[in-house]
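1. Predicted model and sequence follow; I will ask about them next.
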Amino acid sequence: MEKLLIGLDFGSDSVRAVLVAANGEQLATSVHEYARWAQGKYCDPAANQFRQHPLDYLEGTEAVIRNVLKGVDATRVAGIAIDTTGSTPCAVDRDGTPLALKPEFADDPDAMFLLWKDHTAIAEAARINEYAANWGGTDYRLYEGGIYSSEWFWSKILHVLRNNARVREAAFSWVEHCDWITGELAGRTDPVTMPRSRCAAGHKAMWHASWGGLPSEEFLAGVDPLLAGLRKRLYTETSTADVPAGTLSPKWAARLGLSPEVVIGGSAFDCHFGAVGAQIASGELVKVIGTSTCDILVAPDVRQCVRGICGQVDGSVIPGMVGLEAGQSAFGDVYAWFRRLLGYAGEVSLPALEAEAAAIAPGSTGIIALDWFNGRRTPDANPRLGGALFGLTLGSTAPMIYRALAESTVFGARAIVERFRSEGIAVNSVAAVGGISRKSPFIMQLCADVLQLPIKVAAADQACALGAAMFAAVAAKVHPDLKTAMAEMGSGFDRIYQPDPSAVPVYEKLYARYLALGKLLEEETMRHV
């Protein structure tokens, strides 16, 4: 019987699983919403605090895997691999148990996973950037785009260490979500020996082989004495996602109804696996479009350090190639914010609002928006920035404003493409995956018109989970390598949006205004920091 693979994709709101045959046939999917997250627990949006309880992840893992296995011969499952959002770190004890799973920390947000979009660590990121620029040694931000972000590993750790003495004293080490859940399934939870993702370490923790792994003890202690000694309780080596993390632990084999011989593949962040699920090729930008966006490129060799992106890491996407990451801190979240804002007047239908916005001629409203509602990730990370609307009048309507917000998110996407090109990285084509790419023809046509490139939409509803299944197939030796797995298991593309030549001149003018107003807002914002 043909072997089966399971891909798990932990997103911002839910975990998704796909059950895929070795020939690419998708047999089942399942989605589990995080129960505590759905209730808004442990989060404070006004303070940019977004935390997730590890129980949401554990309960979700069991629920989705059991669901996709209904009516299936579970002995056919050969491998499982996992992707998650990131950087989403958590404090753990000596055994690798997240502190929030201990009774005394069960309701402490600082003992939970700090979700990628948690921006409580702005001051800590500023300290890391200041020290890295002036300390006189290696600039460990070199392969991180030159700017360290409040969304990333060290900033978040330092913020918790500075502000929560109980967690500081109880934390032996820290783990990324993708490393922890993989280690949990494989029974390898010791934080010193747990398999660590090359993707997570290279893009978010300033890991690079050329300087022996993580930043030096001297550097970390210089940033803040609270970081002293932590490096030796973390890791030196990392693995690309094609390297198995082990096999399913007896505990989880019993919990899931699977064999302990099931191979657990390596892990990575969701957008990197999504790019693999979309069968990424050199020179092709894969946009993973959801609450935020993540933009992924791969290249056989990158000789320069690309400025203002989220890192360039050997093997973070496809082993043997350099993976480059950029993205926007808010995309679908901008539209969700506007719906909530209007919701005070009653229930709002986003599809209806979008339909009205699509009927408005581009450039006809005079309204320009800036998309930095959750700060700016790339190009050039700046979490202090906010969104903005310009040109409102007493005649402005909700659909007009929605259209301006949509245009702003796509202008943000174009700024990323232009940065890559200005740094000598080719962007020859664009592929899109994620919920918005499947659900919103309006947004995708905007992308084609503003980027002036055809946009291919992946046929797979769960491209990130499919990419995870591909890595599971390689780890379990169902396919000999990732290239074969991508070719055999890929779903292809089911729609292409072509640029409208008549829209190009209009969007050129609007994009120029977007850049000019963005520059003014950033100057004014930083003047008051």
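-> That came through, no problem.
2. Contacts for stretch 151-160, please.
-> Residues outside stretch 151-160 that contact it (C-beta atoms under 8 Å, 6 or more residues apart in numbering): 87, 89, 91, 110, 114, 116-121, 123-125, 127-128, 144, 148-150, 167-168, 171, 174, 176, 200, 204-206, 215, 220, 223-224, 226-227, 230, 329, 377, 381, 383. Just so you know, the C-beta spots here come from the backbone N, C-alpha and C atoms, and that holds for glycine as well.
3. could you dump it to PDB, C-alpha only?
-> What follows is stretch 151-160, C-alpha atoms only, in PDB (Å, rounded to 0.1, in the frame of the first residue of the first chain):
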ATOM      1  CA  GLU A 151       9.300  40.100  16.600                       C
ATOM      2  CA  TRP A 152      12.400  37.900  17.000                       C
ATOM      3  CA  PHE A 153      14.000  35.400  19.400                       C
ATOM      4  CA  TRP A 154      16.500  37.500  21.500                       C
ATOM      5  CA  SER A 155      14.300  40.600  21.800                       C
ATOM      6  CA  LYS A 156      11.400  38.600  23.200                       C
ATOM      7  CA  ILE A 157      13.600  36.600  25.600                       C
ATOM      8  CA  LEU A 158      15.200  39.800  26.900                       C
ATOM      9  CA  HIS A 159      11.900  41.500  27.400                       C
ATOM     10  CA  VAL A 160      10.600  38.700  29.600                       C
END
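4. can you give me how far it is from the chain middle?
-> 16 Å (C-alpha atoms, centre = their mean, to the nearest Å).
5. Any idea which residue is closest to the centre of this protein?
-> Centroid check for the chain by C-alpha atoms, centre = their mean gives T85 as the closest residue, at 4.5 Å.
6. got the residue ranges for the strands in the stretch 351-500 of the chain?
-> 368-370, 388-390, 429-433, 455-458, 493-497 (DSSP state E, counting those that start in this stretch).
7. if we can go back for a sec, show the buried residues in the contacts of stretch 151-160.
-> Among the contacts of stretch 151-160, those classed as buried by 16 or more other C-beta atoms under 10 Å are 87, 89, 91, 110, 114, 116-121, 124-125, 127-128, 144, 148-150, 167, 171, 174, 176, 200, 204-206, 215, 220, 223-224, 227, 230, 329, 377, 381, 383.
8. Helices - which of these land there?
-> Judged by DSSP state H, helices contain the following of those: 124-125, 127-128, 167, 200, 204, 220, 223.
9. Quick check: the two most widely separated of the residues you listed?
-> The span of these, defined through C-beta to C-beta, is set by R127 and A200 at 21.8 Å.
10. Am I right that T29 is in a strand?
-> Yes: counting by DSSP: H, G, I helix; E, B strand; the rest coil, T29 is located in a strand.
11. my guess is it meets Q462, correct?
-> Yes: T29 is in contact with Q462 according to C-beta atoms under 8 Å; the separation is 5.9 Å.
12. List the beta-bridge partners for the closest residue to F493 other than its chain neighbours.
-> Using C-beta to C-beta, 6 or more residues apart in numbering and skipping residues adjacent in sequence, the residue nearest F493 is K456, 4.3 Å away. Taking DSSP bridges as the rule, K456 bridges to A431, I496.
13. Could you shift the numbering so residue one becomes 805, and keep it that way?
-> Renumbered: residue one is now 805, and that last one reads K1260.
14. if we can go back for a sec, any common contacting residues for T833 and Q1266?
-> 820, 822.
15. Those two: who's more crowded?
-> When neighbours are counted by other C-beta atoms under 10 Å, T833 and Q1266 differ, and Q1266 comes out ahead with 27 against 19.
16. Isn't the more buried one up against V819?
-> No: Q1266 lies out of contact with V819 (C-beta under 8 Å); the separation is 10.8 Å.
17. Give the residues shared as contacts by these two.
-> Between them, Q1266 and V819 share the contacting residues D813, judged by C-beta under 8 Å, 6+ apart.
18. in the stretch 1105-1254 of the chain, which segments are predicted with low confidence?
-> 1149 (pLDDT under 70).
19. ok, the closest residue in space to V996 that isn't next to it in sequence - how many residues close by?
-> With C-beta to C-beta, 6+ apart as the criterion, V996 has its nearest non-adjacent residue at 6.6 Å, and that residue is R1037. By other C-beta under 10 Å, 14 other residues sit near R1037.
20. Verify the contact between R1037 and M998 for me.
-> No: at 11.4 Å, R1037 does not count as touching M998 under the criterion of C-beta under 8 Å.
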